[in-house]
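Peer 1: sequence plus the predicted model coming up.
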Amino acid sequence: MNKIMKKRSIKAGLPPGSLIYTGEKKSEAIQIKLFNYDVDRFEEKVIDLNDVSLLHPKESTVYWINVEGIHDVNTIEKLGGCFGIHPLVLEDILNTGQRPKIENYDGYTYIVVKMLFYDNKLSEFTTEQESFILGENYVISFSERKVEIYNTVREGIRQGVGRIRKMGTDYLIYNLLDVIVDNYFVVLEELSEKIEDTEDELVSNPSKDTLQVIHKLKKQMLYLHKSVWPLREVVSFLTRSETPLVKESVDIYIRDLYDHVIQVMDTTETLRDILSSMLDMYLSSVSNKMNEIMKVLTIISTVFIPLSFIVGLYGMNLSNMPEYNWPWMYPVVWVIMISIATSMLIFFKKKKWW
Amino acid sequence: MNKIMKKRSIKAGLPPGSLIYTGEKKSEAIQIKLFNYDVDRFEEKVIDLNDVSLLHPKESTVYWINVEGIHDVNTIEKLGGCFGIHPLVLEDILNTGQRPKIENYDGYTYIVVKMLFYDNKLSEFTTEQESFILGENYVISFSERKVEIYNTVREGIRQGVGRIRKMGTDYLIYNLLDVIVDNYFVVLEELSEKIEDTEDELVSNPSKDTLQVIHKLKKQMLYLHKSVWPLREVVSFLTRSETPLVKESVDIYIRDLYDHVIQVMDTTETLRDILSSMLDMYLSSVSNKMNEIMKVLTIISTVFIPLSFIVGLYGMNLSNMPEYNWPWMYPVVWVIMISIATSMLIFFKKKKWW
Amino acid sequence: MNKIMKKRSIKAGLPPGSLIYTGEKKSEAIQIKLFNYDVDRFEEKVIDLNDVSLLHPKESTVYWINVEGIHDVNTIEKLGGCFGIHPLVLEDILNTGQRPKIENYDGYTYIVVKMLFYDNKLSEFTTEQESFILGENYVISFSERKVEIYNTVREGIRQGVGRIRKMGTDYLIYNLLDVIVDNYFVVLEELSEKIEDTEDELVSNPSKDTLQVIHKLKKQMLYLHKSVWPLREVVSFLTRSETPLVKESVDIYIRDLYDHVIQVMDTTETLRDILSSMLDMYLSSVSNKMNEIMKVLTIISTVFIPLSFIVGLYGMNLSNMPEYNWPWMYPVVWVIMISIATSMLIFFKKKKWW
Amino acid sequence: MNKIMKKRSIKAGLPPGSLIYTGEKKSEAIQIKLFNYDVDRFEEKVIDLNDVSLLHPKESTVYWINVEGIHDVNTIEKLGGCFGIHPLVLEDILNTGQRPKIENYDGYTYIVVKMLFYDNKLSEFTTEQESFILGENYVISFSERKVEIYNTVREGIRQGVGRIRKMGTDYLIYNLLDVIVDNYFVVLEELSEKIEDTEDELVSNPSKDTLQVIHKLKKQMLYLHKSVWPLREVVSFLTRSETPLVKESVDIYIRDLYDHVIQVMDTTETLRDILSSMLDMYLSSVSNKMNEIMKVLTIISTVFIPLSFIVGLYGMNLSNMPEYNWPWMYPVVWVIMISIATSMLIFFKKKKWW
Amino acid sequence: MNKIMKKRSIKAGLPPGSLIYTGEKKSEAIQIKLFNYDVDRFEEKVIDLNDVSLLHPKESTVYWINVEGIHDVNTIEKLGGCFGIHPLVLEDILNTGQRPKIENYDGYTYIVVKMLFYDNKLSEFTTEQESFILGENYVISFSERKVEIYNTVREGIRQGVGRIRKMGTDYLIYNLLDVIVDNYFVVLEELSEKIEDTEDELVSNPSKDTLQVIHKLKKQMLYLHKSVWPLREVVSFLTRSETPLVKESVDIYIRDLYDHVIQVMDTTETLRDILSSMLDMYLSSVSNKMNEIMKVLTIISTVFIPLSFIVGLYGMNLSNMPEYNWPWMYPVVWVIMISIATSMLIFFKKKKWW
C-alpha cells in the first residue's frame, strides 16, 4: 500500500553525499542494458558490471544505458564514477522519496520523475522513482524495477521506425518521458472510471464503504497531484533555452509533452473537485435516507400513542365510570380511534411529511 | 452523457505523431467545403478529396476550408500533407480530448477550442473539439460534426454584409471564434435559468432530486470552467504582437472577443459560488424541515406519555387502592390529565418549541 | 429582482458591431443635456437630437454631454457618429451586461462601470451600467435612466464651487466616478447594517427566514464583488501614465479614488467572510436549539417509560400474584415509582443532560 | 462595540476635499503638544491654536507636533494650512475609516495606520486611526484620543536615552510606528489566551456560549487582518529607496519593524486557522454529546417497550386465556421479562452501543 | 506544551535594541565551545567568558563558536560586542519568538531558523530557535539548549571525514542547516505515522478522543507550516548571488538543501489535506454509527407499539365487548399480532432499513 511518506529518517545524521538506498529491499540482480545506435547501425547488449569502464561513449552515436533496479549501491556508485556524476546526484537517485525535479550539472542534466503503476486488485496506483542522466551523447535511466512501458521505445530503436534513430539523446529523453506521461492518462482513466462507478453507487445505494472509497480516492488524488505538479516545471525547463543539451528541433516535441502534462494536471484537479462534491453528496444522501426512515417510524408511533391512551383509559378500574355501562360504548371507542388515526394521517399527508 | 475524461489510453504505447481518431465513431462521410473570396468575388464549392491537391491557395484571396467530420484519418492526413501541417498538429486535431490552446508553427498558427452544444432534454451541454489552422491566406476549420452556428459567418461571406469580404484570414478566424464564444453565453443562460429554477425549488420544496440536480450542475460548471479557462490564454495570444498572421487592424476585435471570454469566465465563477451556497441552503432546508416534523411528533408523544401513565395507574388490580371507591375519582382523573396536557403545551409554546 | 445574468443570447448570431439594446424596455424619451463651461462662463441646455451635429466641441471649453436613457438605438448611433466612436464601443454601451473596463481608442478613452441603486423595500441593490467617453475636451456619459447622484456634480458646475470649473475633462470624469464610488459606500452601509441585524437575530431567535436572508446577502455580495473587482483595474489605468487624456495634476485625485475602490473591495471581502461565518453559526444555532428540545422531550419520555411498565405490571390478570393481596402494596408501588423517577432525574442532572 | 463599517455615507454627495470628521463625537478639547529637540537641547510645550502660525519649523532641530483629538475640524484645517498640507490629506485624516496607507506628497509623506486598544471587559479590541505627516524636520501625529503607549517615546526624548535625540524625523517616525506594532503583539497575546481558554472549554464542556465566543473571535481576527495586511505595504514603502525623507541609516530599523509586522500577520493567520478548526471541533463535540444522551435514553426506552407489551398482554380481559389459571405463570412472566431485558442489554453492549 | 504564541509583551514599551531573553527560564550555565580548524589542524575547547575577547578570528582557519543556552543576556551581549554585532540582531537572538529569516549586515549574515524536537510521550513536537552569525571565517551558532543533532557535524570536524575540513564557513553553515532540515523529516515521519494510526482507528472504531487527536495534529501541522514556509526563503537567499559570504562551490549543496526544504513543505501540505479529509471521515463515521443504532432501536419500538395498542384494547373494561366471549379470540389475537410484527419487519427489510 502507499505510505504517506517514504522512509527517510535512516539518512538523518549522515554527512551529505552518503549513498543509501531508501526504497523497498529486493533480491533480484540489477540489470544494465546498453542500446547504442545511430541512423545506420544498432547494438543492444547486457552490460557486465566489470565492463562498466568500457562504457565511455564515443561522440557520434547515441548511448542509452537502461538500469533496472537500483537497490545495489555499489553498482550505482561504480556507474556514477564512470560518467563523473556528482555524489549528491547519486544520493538523490538512490533516495526514492524525491520530488520530481530537473537540474543542470557540468556536462549533463539530472532529471527525476515519478512513474505510476495501477494495481487493479487494490484499485490504487503505486509510484516509483525514475531518474535520468542526460549527457551530450548518452542517456542513463535508473528504474526501481523492470519497466514494461519502455518496450515501445526499445522496439522503435530496434526496428528504426519513427525518427528515433535519426535524432539525438534529446529526442530519446523526450520519448522516455512521453511514455511515462502517457501512462499517467491510463491511471487517470482507471481512477475516473472508479469515480464514476462510485458516483452511481452514491445515487442508488450509499453505504458505509462508499465513504471509505471516496476517502481513498481523495488520497490517491493527493498523491497524484504531488507527482504531477512539479513535473510541469521539469518539462517546461527541458527546452533549448534552459539547457544546451536539447536542440531546437526537439522543442516542438517538448511543447507537446508539456501540453500533456497540463492536461494531466487539469484532469487531476477536476477529479478532486468532483470527489469533494461527492463527499457532500454522500453526507446528504445518508442523512436523507436516515431522515426518511426516522420520519416513517416516528409517524407510526405518533399515530398509535393517542390510541394507546384511549384503550388505557377504559382499562381503568375506577368505580363510577359511566361509559362502562353504555351498551354502544365499544363501537363508539372504535369510531373515535379510527377518526383520530385517519385525521392525523391526513394532516401529516397534507403537510407533505410522507 | 458527458464522461469525466475522453478516452485516451488507446494511444498509449504508440510513437509520437501517430494519427488516431479518439472521438465517437461516426458513419456519415466527411464533408469539406471551400469558401474562396475577396472584396469583389465569391466562390463556394464542395471539395472532392482527390482535388485536394488543387487547393494550394493563391496569394490574393481568402480561402476557408471548412471540414465537417474528422473521423476519417486518411482524409485528414491527405489534407494535412497538402498544407504542410506538422504530424503532431494532425495528431492533436484527431485527438478530441485536447485542452484549448494556440501554437505558432512555421507558416501557420494552430488553434484548438471547445464548442458547446446544449441539450435541452438532458439539461446539460456536451463539448466538441474545434481546430483551426490559420495561414497567410487560408483558414482550415476542423469540426467533429455539422456546425450550424457557423451559418451566420457563411451568410456574411455569401452576401458580403459587414466587413468580412473586405478583410483577411485574421478577421475570418475572429468571426469564427466570436460565434463560438457567443454560443457560450447561450449555454450559460440555459444553465443560469436552470439554477434559478432550482433555487426556487429549494425554498419551496426541497426534494432528493434537488440535491442531484445541484450536483449535476456543479459538475457542468467544472467542465465549463475547464473549457473556458485556457480559452482566455488562446484569445490573449491571438494579437498582432504574438503572431504575425494577425494584422493590427484586427486587434481591436480580438480585444472585444477577449472581453467576452472574461465575461464568460466571470459568470462561470459566479454560478459556481451560487451553487456552493445552494448546497448549504439545501442541507439546511432539509434538516430544518426534518427538525420541524420530528419536533411536532415528539411533542405529541411527550404530551401523551404521562397521560398513559395515569390511566395505567388506575388499571392496576391491587387491593386497597382507595381511589377505586371514591365516587368522583373518574372526573378528577380527567381534570388532572387535561391540566397536565395543557400545562405542557403552554410550557412548550412559551419556549417557542412550536 | 437581480437576475444572475443579463440576457445576451438575443445578440448571438449577429455580426460584430450590431447595435442592440439589451437592457429593460423603457418608454420615456431619452434626454440629452449639454453642460458647456470654462472658468468664466457656463451654459446648460437640453439638446435636440437634430442639433446633435452642432455638438462638435471647440477647443477651449469643457463639454459634458449627459445622456440619460440608452434604449433608443438610433439616437445613440447618431451621437456616436458625430464623435467618431467605434461601432464596437457603441455596441458595448448598448449591451448592459458589460464587465467594468477601460479602453483607449484613437482620440478618446472608453470607460464602463456599474452604478448601484439600493432598494430599501427589497433590501437589495440593483446594478445599472454607466458608460463614459472621455475625449480631449468633452465627456459623454451614458446612463440607463435619470441619475440623481450626479446632482452634486451638476450643482458644482452651475455654481462654480470647488475646482471643477477651473479644470478639464479629466477632473470632470474623476468627479463622476467619485460620486459613483461614494454611492457604493452607501450601499455597503445598508448591507452591513442588514448583516448586523441578521447577526443579532441569529443569536436571539434563528428562524427559517434567517437562512434565506443569509443566502440572499451572500448572493448580493457576489454581485457586488463582480462589480467592484474589475473597477480597481479601471481606476488604476486612469492615470497620466496610461492615457494622455489625464493630466498629471489630476493623478493625485485618481489615487484618492483608487483608495476608495480598495476600501470598497476590502469591506466587501470582510462582509463575505462574516456571512460565511454566520451560516456556520446559523447551522449550529438551529441544531443546538433542536437538540435542546429533543433532549427535554426524550428525558420526559424516558422517565415515564419504566413507571408505565410498573403500572402495567400490576394491571395483569394472572392468578397467584401475591402482591395483589398485600394491603400496603399500593403505597409501596408509589414509593418505588417516585424513587425511580427521582433517581433518574438526579442521574441525568449529574451528567449535565439538562 | 466594533461596527463592521465606519459610517461614511454622511460624506456622500460632498465635493472632494470637504473636511468632515466621521469618528465618534467627543467633547473634550483637542490638545496639541510640541516636542522640539536635537542632541543638545529639548523643549516641550502645549501649543495655543493661535500660535499655530509660529510653528514653522527651523532647519536644524526635530519638531514633533503631537495632536491628540481630531474632532475639531477648524483646528485641523488651520494646522494643515500652516504646513501646506493638501486638502485630500486633511480629509483622510478626519475620515477615521481609512485603510492603512502611505503616500508621498510634495515635501512630506502621509502615513495612516490603525492603533489597537484591547478592552479587557468586553474581551475585544477597538481600532482607532493614527495619521502621521512626515516632513524634512517635523513629524505631525494625529490621534483620535490621548495615546498612552507613546509615553515611552516621550520619555526617551525628555531624558535623551537611546538614539532618539541624536537622529532625525525618520527615526522618530520609526519609533512611533514601533510602539504601535509592539502594541499589536499585546492584543494578539490577549486574543490567543482567550482562544486557548476557549479551546479547553471546548474539550471539557462545550456550551452555546462557546459558539458565540468563537464567532466573535473570528470576527476580531477579520478586523485584525484588515488592519495588519495593508500595514505591511506601508512599512515596506518606508525605506530610503521609496521616500527621500528616510535616511539610509534608519533602513535597518525599518527592516526590523517590517519583520515585526510579518510576525503579526503570521500569528493572525495561525489564529484564524485554529479558530476554523475549533468551530469544527465544537460542532463535533456538541453532536457527540447529544448522540451520547440520545443513545442512552433510547436504549432505556427500547428495553422497556417489549416488557410493557408483555404486561399489557396479561392485562387483557379475554376469556379462555389459559395462562390466567396456571399457578406458576406470574414468576414465569418475571423470568421471561428479565431474560429479554438482559439479553437486549448484552446485545447492545456487544455492539458497543454504550 | 506548545503555546500558540511565545510571550512577547514583556518587551512592549522598551526602546528598540533592548536585550531581553523571552524564552523559558533555565538555571544551567551557558556553554560556549570553540571549534577551530582547517585542512591540516583541528582544535576544540570550551571558552571562558573572560577569554571572549581573545576570540578575534584570524584569516586562514574556520572558527565555529557553538553557544548552547542563551538565557544569560550579559554573556550574549559581551560576545556580540566582540564580533561587532548590531544590537537589533542580538535582540532577535534573545527573542525566541522570531520567524525564520536571513539578513545581510556589514561583514556578516544573520540567520534564524526553527529546530524541532519530537516528544514521544506527548506525541507532539516543540520548536526552539536557532540563530547563526555567518562571518568571513567564523560561524557563531546560538541554541536554546544542548543540541545533540549537531554531533555528526562535530564528529565530522574532529575526524576530518567528508569535505568539511577542506572547505570554509559557507560549507559549515550548510552542514548545520542540513542536519536541522534532516531532523524535520524525522518529525514528519513520526507525525505521518501517528496520522496513519489515527486513520486506521477512524475506520475501525472512531471515538471521542480520535477527534481531539485530529485537532491536535492539525495544530501541529499549522506550527510546522509556520516554521517551514519562511525557511524556504532563507535557504533560497543563501546562495552566491545574494550574499558574498557563500562561494560558488557551495551553491550546489545549497540547492540540494533547498530541495529538501521543498520536500518538507510538500509533505506538510499533503498531511494537512489528509487531516482535513480525515475530519470529514470522522464526522461521517460517527454519524453513520449513530444512525445505525437509532435505526435499530426505533425499529424495535415501532414494531411493538401497535402490539401494545392491541393488548391495551382488550384490557378495556367496557361492557358489551363481544370479543370477550368468543372462545378462540385469544389465539386470534396472537395470530394478528405476529402477522403485524412480521409484515412490518418484512416491509422494513425490503426497504433496506436494516
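Peer 2: Thanks, I have the structure now. Residues are numbered from 1 along each chain as shown, chains lettered A, B, ... in the order given.

Peer 1: my read: A:Glu91 touches A:Pro15, true?
Peer 2: No: with contact defined as C-beta atoms under 8 Å, A:Glu91 does not count as touching A:Pro15 (10.4 Å). In this view, the C-beta of every residue, glycine as well, is placed from N, C-alpha and C.

Peer 1: what about the closest residue to A:Lys11 other than its chain neighbours, distance to E:Ser207?
Peer 2: Ranked by C-beta to C-beta, 6 or more residues apart in numbering or on different chains and with sequence neighbours excluded, the top spatial neighbour of A:Lys11 is A:Ile20, at 5.5 Å. For A:Ile20, the distance to E:Ser207 (C-beta to C-beta, to the nearest Å) stands at 39 Å.

Peer 1: and the residue of chain A that's closest to chain C?
Peer 2: Using C-beta to the nearest C-beta, A:Gly315 is the residue of chain A that sits closest to chain C, at 6.6 Å.

Peer 1: quick one: residues contacting that residue.
Peer 2: Contacts of A:Gly315 were listed using C-beta atoms under 8 Å, 6 or more residues apart in numbering or on different chains, and they are B:311-312, B:315, C:315, D:315, E:312, E:315-317.

Peer 1: all helices of the stretch 201-350 of chain A, in order?
Peer 2: In the stretch 201-350 of chain A, the helices defined using DSSP state H, counting those that start in this stretch lie at A:208-237, A:248-313, A:329-350.

Peer 1: from the chain's centre, how far out does the longest one sit?
Peer 2: When you say that, I think you mean helix A:248-313. For helix A:248-313, the separation from the chain centroid amounts to 21 Å (computed by C-alpha atoms, centre = their mean, to the nearest Å).

Peer 1: list the helices and strands it packs on?
Peer 2: Counting contacts by 3 or more C-beta pairs under 8 Å, 6 or more residues apart in numbering or on different chains; DSSP states H and E, helix A:248-313 is packed against helix A:169-204, helix A:208-237, helix A:329-350, helix B:87-94, strand B:101-105, helix B:208-237, helix B:248-313, helix E:248-313.

Peer 1: format these as a markdown table; extra columns: mean neighbour count and mean pLDDT.
Peer 2: Conversion of the helices and strands packed on helix A:248-313 to a markdown table gives the following (neighbours: other C-beta atoms under 10 Å in any protein chain shown; pLDDT from 0 to 100):
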| stretch | mean neighbour count | mean pLDDT |
| --- | --- | --- |
| helix A:169-204 | 20 | 91 |
| helix A:208-237 | 19 | 90 |
| helix A:329-350 | 14 | 93 |
| helix B:87-94 | 21 | 92 |
| strand B:101-105 | 18 | 92 |
| helix B:208-237 | 19 | 90 |
| helix B:248-313 | 20 | 89 |
| helix E:248-313 | 20 | 89 |
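
Peer 1: now those as a markdown table including distance to B:Ile111?
Peer 2: A markdown table is the format used below for these (distance: least, C-beta to C-beta, whole Å):
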| stretch | distance to B:Ile111 |
| --- | --- |
| helix A:169-204 | 23 |
| helix A:208-237 | 21 |
| helix A:329-350 | 60 |
| helix B:87-94 | 10 |
| strand B:101-105 | 5 |
| helix B:208-237 | 6 |
| helix B:248-313 | 12 |
| helix E:248-313 | 36 |
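
Peer 1: so which of the ones you listed is nearest A:Val250?
Peer 2: helix A:169-204 (4.4 Å; C-beta to C-beta).

Peer 1: now find how far off-centre the closest one is within its chain.
Peer 2: Taking the mean of its C-alpha atoms, helix A:169-204 sits 9 Å from the chain's own mean (C-alpha atoms, centre = their mean).

Peer 1: likewise stretch A:102-121?
Peer 2: In terms of C-alpha atoms, centre = their mean, the gap separating the centre of stretch A:102-121 from the centre of its chain is 16 Å.

Peer 1: hmm, stretch A:199-213 in reach of chain D?
Peer 2: No: judged by C-beta under 8 Å from any C-beta of the partner chain, stretch A:199-213 stays clear of chain D, getting no closer than 14.7 Å.

Peer 1: first-to-last residue distance for stretch A:158-167?
Peer 2: Chord length of stretch A:158-167, first to last residue, is 14 Å (C-alpha to C-alpha, to the nearest Å).

Peer 1: and stretch A:154-163, by the same measure?
Peer 2: 13 Å.

Peer 1: what residues does it touch?
Peer 2: Counting by C-beta under 8 Å, 6+ apart, the neighbours of stretch A:154-163 from elsewhere in the structure are A:35, A:37, A:42, A:44, A:64, A:164-165, A:171, A:175, B:15-17.

Peer 1: which one (most neighbours) among those residues?
Peer 2: Neighbour counts for these, by other C-beta atoms under 10 Å in any protein chain shown, peak at A:Asn175, which reaches 25 neighbours.

Peer 1: just to check, that one is in contact with A:Ile149?
Peer 2: No: A:Asn175 is not in contact with A:Ile149 according to C-beta under 8 Å; the separation is 11.2 Å.

Peer 1: follow-up on the earlier one: adding distance to C:Met5, write the contacts of A:Gly315 out as a markdown table.
Peer 2: Below are the contacts of A:Gly315 laid out as a markdown table (distance: C-beta to C-beta, whole Å):
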| residue | distance to C:Met5 |
| --- | --- |
| B:Val311 | 64 |
| B:Gly312 | 65 |
| B:Gly315 | 69 |
| C:Gly315 | 70 |
| D:Gly315 | 69 |
| E:Gly312 | 62 |
| E:Gly315 | 68 |
| E:Met316 | 67 |
| E:Asn317 | 72 |
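
Peer 1: show me the helices in the stretch 1-150 of chain A, by range?
Peer 2: When secondary structure is read from DSSP H, counting those that start in this stretch, the stretch 1-150 of chain A shows helices at A:73-83, A:87-94.

Peer 1: restrict the longest one to CA atoms and write it as PDB.
Peer 2: Output for helix A:73-83, consisting of C-alpha atoms alone and laid out as PDB, is shown next (Å, rounded to 0.1, in the frame of the first residue of the first chain):
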ATOM      1  CA  VAL A  73      24.500   0.800  -4.100                       C
ATOM      2  CA  ASN A  74      27.900  -0.400  -5.200                       C
ATOM      3  CA  THR A  75      26.900  -0.800  -8.900                       C
ATOM      4  CA  ILE A  76      25.300   2.600  -9.000                       C
ATOM      5  CA  GLU A  77      28.300   4.100  -7.400                       C
ATOM      6  CA  LYS A  78      30.700   2.500  -9.900                       C
ATOM      7  CA  LEU A  79      28.500   3.500 -12.800                       C
ATOM      8  CA  GLY A  80      28.300   7.100 -11.400                       C
ATOM      9  CA  GLY A  81      32.100   7.200 -11.200                       C
ATOM     10  CA  CYS A  82      32.500   6.200 -14.900                       C
ATOM     11  CA  PHE A  83      30.400   9.100 -16.000                       C
END
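
Peer 1: excluding chain neighbours, what is closest to A:Gln220?
Peer 2: Counting by C-beta to C-beta, 6+ apart, A:Gln220 lies nearest to A:Glu124, which is 5.7 Å off, once chain neighbours are set aside.

Peer 1: ugh, typo on my part, it should be A:Leu134
Peer 2: Of all residues apart from its sequence neighbours, A:Thr109 sits closest to A:Leu134 (C-beta to C-beta, 6+ apart), at 4.5 Å.

Peer 1: relative to B:Thr22, how far out is the one you found?
Peer 2: When C-beta to C-beta is the yardstick, A:Thr109 and B:Thr22 sit 33 Å from each other.

Peer 1: closest approach to chain B from the stretch 1-150 of chain A, which residue is it?
Peer 2: Closest approach of the stretch 1-150 of chain A to chain B (C-beta to the nearest C-beta) occurs at A:Ile149, with a separation of 7.3 Å.

Peer 1: my guess is that residue contacts A:Val181, does it?
Peer 2: No: here A:Ile149 does not reach A:Val181: they are 10.6 Å apart, not a contact under C-beta under 8 Å.

Peer 1: quick one on the thing from earlier: need the max-distance pair from the contacts of stretch A:154-163.
Peer 2: Longest distance between any two of these is 24.1 Å, between A:Glu44 and B:Gly17; criterion C-beta to C-beta.

Peer 1: I appreciate the help and will end here.
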